[in-house]
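Enquirer: Only the shape, not the letters, is given here:
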């Protein structure tokens, strides 16, 4: 945890520190004294912050600690239902929408087949319809608690302006202002990011560490990077185009126009049923990434990986272990990210939720 400061100018920063500690504590909660000790704030500052948060309905009392002498301490907890966000995973052939509370729990979900190449009007209309459906479901949140909608989809795109670039395989989306169009249609704040970045953010919030790479292998292959605890997007929000690193100069043509990209080689191997080769090539790409950025962990996800999780983990891990033997470095671990969960859609919701807890998302 970072340290707080007893200054009016950074009141929101201090509130974020307190909220993050409450989120981590879960249903058991935490006392004001412990909040003060762990943030470096004075007890008076913590009392003022928690008082405001209680007035806003975001914090409530969760009982008292057993006293060992003196007055029993009141325990506070986060109220998960006090805030919600919608997460949208707009994939090349599928649309998934989740409703997530402050604690990061999915309270409702919808999914449907969809063609990203069907045209902007059709795709936007389907997104609006499914978001509206999840907001009107049995677990619907009070509209006053909604922070907005996070949308994650394949890149490249401009995260800051919410404008799509030439999405690989779908050049017709180039220049489309998806954020502004959806914000007008839904009449609420919208944030747009790459699917891999959203997933990486969600994983970071869930405590996966401060330095890792998330490799997402589905219809395409991309990477989300967390460096120093923050999602790394690059100077033009274009970092993480992992699938388009060339590893075979005379290899097959990729949709991006290059030859021998990791994505093209992995997809070709999967198409002919050679999962071991796909995992080996994915491992080669991961090894390059580890050598370049020195990350502590490699996480795997996406539908193709989900179909053969053990074989992909084993194949990538073997390549990384061989690299470690050559270099004398520690072996970087490999594992599945959020097995069975909609990691991209949940991460998209965190584009709205995470700033409440002091996470910088862009």
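Expert: Sure, I can see it. Please read all numbers here as calculations on a predicted model, not as lab measurements.
Enquirer: Please, which helix or strand holds residue 130?
Expert: Per DSSP states H and E: residue 130 is located in helix 120-135.
Enquirer: how much does the following helix or strand past that helix deviate in direction from helix 120-135?
Expert: Later in the chain than helix 120-135, the nearest helix or strand by DSSP H and E is strand 146-153. Angle, strand 146-153 to helix 120-135, by axes from the mean of the first three to the mean of the last three CA atoms, to 10 degrees: 140 degrees.
Enquirer: Which secondary structure elements does strand 146-153 sit against?
Expert: Judged by 3 or more CB pairs under 8 Å, 6 or more residues apart in numbering; DSSP states H and E, strand 146-153 is in contact with strand 84-90, helix 120-135, helix 178-186, strand 190-194, helix 195-205, helix 343-353. Glycine gets a C-beta too; all of them are placed from N, C-alpha and C.
Enquirer: one more time with 6 Å, if that's ok
Expert: In terms of contacts (3 or more CB pairs under 6 Å, 6 or more residues apart in numbering; DSSP states H and E), strand 146-153 is packed against strand 84-90, strand 190-194, helix 195-205, helix 343-353.
Enquirer: that older thread, counting by contacts, list what the helix holding residue 130 packs against.
Expert: strand 94-101, strand 106-113.
Enquirer: can you rerun that using 10 Å?
Expert: Under the contact criterion of 3 or more CB pairs under 10 Å, 6 or more residues apart in numbering; DSSP states H and E, helix 120-135 touches strand 84-90, strand 94-101, strand 106-113, strand 146-153, helix 178-186.
Enquirer: burial measure for the closest residue to residue 148 other than its chain neighbours, as a count.
Expert: Excluding its sequence neighbours, the residue lying closest to residue 148 (CB to CB, 6 or more residues apart in numbering) is residue 189, at 3.4 Å. Residues near residue 189, counting by other CB atoms under 10 Å, number 16.
Enquirer: TSV for the helices and strands packed on helix 120-135, including mean neighbour count and distance to residue 35?
Expert: Putting the helices and strands packed on helix 120-135 into TSV (neighbours: other CB atoms under 10 Å; distance: least, CB to CB, whole Å) gives the following:
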stretch	mean neighbour count	distance to residue 35
strand 84-90	27	24
strand 94-101	24	21
strand 106-113	15	27
strand 146-153	25	23
helix 178-186	18	35
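Enquirer: and of those, who's closest to residue 326?
Expert: strand 146-153 (36.1 Å; CB to CB).
Enquirer: coming back round to it: residue 170 is nearest to which of the helices and strands packed on helix 120-135?
Expert: By CB to CB (comparing all of the helices and strands packed on helix 120-135), the closest turns out to be strand 146-153, at 9.7 Å.
Enquirer: how much space is there between the closest residue to residue 182 other than its chain neighbours and residue 89?
Expert: Using CB to CB, 6+ apart and skipping the chain neighbours, the partner closest in space to residue 182 is residue 190 (4.6 Å). Residue 190 sits 14 Å away from residue 89 when distances are taken as CB to CB, to the nearest Å.
Enquirer: same check, this time on residue 193
Expert: 11 Å.
Enquirer: Over to residue 102?
Expert: Noted for residue 102: a distance of 20 Å to residue 89, by CB to CB.
Enquirer: now swap in residue 338 and tell me
Expert: 13 Å.
Enquirer: picking that back up, could you pull up the residues touching the residue nearest to residue 182?
Expert: 86, 88, 127, 131, 148-151, 162, 178-184, 351-352 (CB atoms under 10 Å, 6 or more residues apart in numbering).
Enquirer: What is the end-to-end distance of stretch 292-308?
Expert: The straight-line separation of the ends of stretch 292-308 (CA to CA, to the nearest Å) is 27 Å.
Enquirer: in it, what's buried?
Expert: Neighbour-count burial for stretch 292-308 flags 295-302, 304-305, 308 (criterion: 16 or more other CB atoms under 10 Å).
Enquirer: And it, how far out from the chain middle?
Expert: 14 Å (CA atoms, centre = their mean, to the nearest Å).
Enquirer: cool, and stretch 41-51?
Expert: Counting by CA atoms, centre = their mean, stretch 41-51 comes out at 31 Å from the chain centroid.
Enquirer: Would you mark the buried spots in it?
Expert: Neighbour-count burial for stretch 41-51 [16+ other CB under 10 Å]: 41, 45-46, 48-50.
Enquirer: With stretch 325-345 instead?
Expert: 332, 334, 336-338, 342-345.
Enquirer: need the contact list for residue 317.
Expert: By CB under 10 Å, 6+ apart, the neighbours of residue 317 are 279, 283, 286, 298, 300, 331-335.
Enquirer: quick one: low-confidence ranges for the stretch 251-362 of the chain?
Expert: Where the stretch 251-362 of the chain drops to pLDDT under 70, the residues are 339-340, 360-362.
Enquirer: can you rerun that using 50?
Expert: In the predicted model of the stretch 251-362 of the chain, no residue satisfies pLDDT under 50.
Enquirer: any idea where the strands of it begin and end?
Expert: Using DSSP state E, counting those that start in this stretch, the strands of the stretch 251-362 of the chain run over 297-301, 334-336.
Enquirer: how about these in JSON lines, adding distance to residue 248?
Expert: Output for those, formatted as JSON lines (distance: least, CB to CB, whole Å):
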{"stretch": "strand 297-301", "distance to residue 248": "21"}
{"stretch": "strand 334-336", "distance to residue 248": "22"}
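Enquirer: Would you tell me which of the ones you listed gets closest to residue 108?
Expert: strand 297-301 (21.6 Å).
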